[in-house]
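>>> What shape does this take:
(one chain, ligands or ions: 1)
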Amino acid sequence: METTRNVALSAAGLSVRRGKKQVLKNLEFDVIRGSVTGLLGPSGGGKTTLMRAIVGVQAGVIGTLTVLGEPAGARALRSRIGYVTQAASVYEDLTVTENLRFFAKLLGAPRAQVARVIEQVDLASHAGELARNLSGGQRSRVSLAAALLGNPELLVLDEPTVGLDPVLRVELWRLFAELADAGTTIIVSSHVMDEAEHCSRLLLLREGELIADSSPEALLQETHTTDVESAFLELVR
Ligand SMILES: Nc1ncnc2c1ncn2[C@@H]1O[C@H](COP(=O)(O)OP(=O)(O)OP(=O)(O)O)[C@@H](O)[C@H]1O
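Numbers count the residues shown, from 1 in each chain. Here you go, the predicted model:
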């Protein structure tokens, strides 16, 4: 049994209805602080909806969802959570540094953190470039850098590795591991099953249901498979 202090997230009887459709169905899980949890599953499975519920921007949430000891959506959580959506939010006519200075000001984060977060996402050589001239992957890293300002305790990242080349992908996973080692809890979604190996814990969502809640190693063992893609296929058979 985990102590409450060690639990970053706790969901019980968590359901979400969007329009006529029930898109999350009675989810039950805990996430331990300082872990990297992968939210995996096919498109439309409910990953983004679950992330939106965790950060408190999803309507129609039923059940219990406790985040860092507070009910999801509580005002006190705003500065404690960093959220990166699939669509990068950057100002086109500002440079990378100017974008981050702006976000630091909004958050009340020290300006001195700007250079650090730019370094963390490997954009130092592009710091003076206008956002409009960046590639898609570079823009999404600006959003990630903004989410790192203020040292949030929980990072919620929706498909952060989409559009990145393999080298950058590996570097980003290394950064996530370092942040987790330092105590940050990370929830990261992906529909690339291979990325599961970088997570300490996997939550597999399919059509709104949690079909696995396991470590990558245990999942492979339980399903007698050698990769997460095959494990997933085995589970849905
Ligand atoms: N605004 C909305 N109104 C009604 N239903 C929605 C809305 N947005 C998403 N849905 C439905 O909710 C379900 C889950 O969508 P969600 O975006 O959470 O899935 P996902 O696993 O993140 O998919 P993807 O990997 O494609 O981003 C889908 O069936 C989708 O059609």
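>>> What's opposite the residue nearest to the spatial centre of the chain in the beta bridge?
Residue closest to the average C-alpha location in the chain (Cα atoms, centre = their mean): residue 157, at 2.5 Å. Legend: beta-bridge partners of residue 157 under DSSP bridges are residue 84, residue 188.
>>> Need the per-residue pLDDT for it.
Listed pLDDT for residue 157 reads 95.
>>> Okay, it and residue 175: tell me how far apart.
11 Å (Cβ to Cβ, to the nearest Å). Every residue, glycine included, has its C-beta placed from N, CA and C.
>>> List the buried residues in the longest helix seen in the chain.
In terms of residue count, the longest helix belonging to the chain (DSSP state H) is helix 166-181. Buried positions in helix 166-181, judged by neighbour count with 16 or more other Cβ atoms under 10 Å: 168-169, 172-173, 175-176, 179-180.
>>> for the ligand, what are the nearby residues on the chain?
For the chain, the contact set with the ligand under Cβ under 6 Å from any ligand atom comprises 18-19, 21, 23, 41, 43-49, 191.
>>> Repeat the analysis, applying 8 Å as the threshold.
18-19, 21, 23-24, 41-52, 86, 158-159, 189, 191, 205, 207-208 (Cβ under 8 Å from any ligand atom).
>>> Narrow these to those in strands?
If you go by DSSP state E, the residues of the chain next to the ligand have 18, 21, 23-24, 158, 189, 205 in strands.
>>> contacts for stretch 77-88?
Here stretch 77-88 makes contact (Cβ atoms under 8 Å, 6 or more residues apart in numbering) with 48, 51, 54-56, 67-68, 70, 107-108, 136, 139-140, 142-144, 146-150, 152-160, 162.
>>> swap the cut-off to 6 Å and go again
Residues from elsewhere that reach stretch 77-88 (Cβ atoms under 6 Å, 6 or more residues apart in numbering): 55, 67-68, 70, 139-140, 143-144, 147, 150, 152-160.
>>> Put the buried members of the residues you listed into a ChimeraX selection.
Buried residues within these, by 16+ other Cβ under 10 Å, are selected in ChimeraX with:
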select :55,67,68,139,140,143,144,147,150,152,153,154,155,156,157,158,159,160
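>>> in the lowest-mean-pLDDT helix or strand in the chain, what counts as buried?
Lowest on mean pLDDT, DSSP states H and E among the helices and strands of the chain sits helix 228-236, with a mean of 87. The neighbour-count check on helix 228-236 (16+ other Cβ under 10 Å) flags 228, 231-232 as buried.
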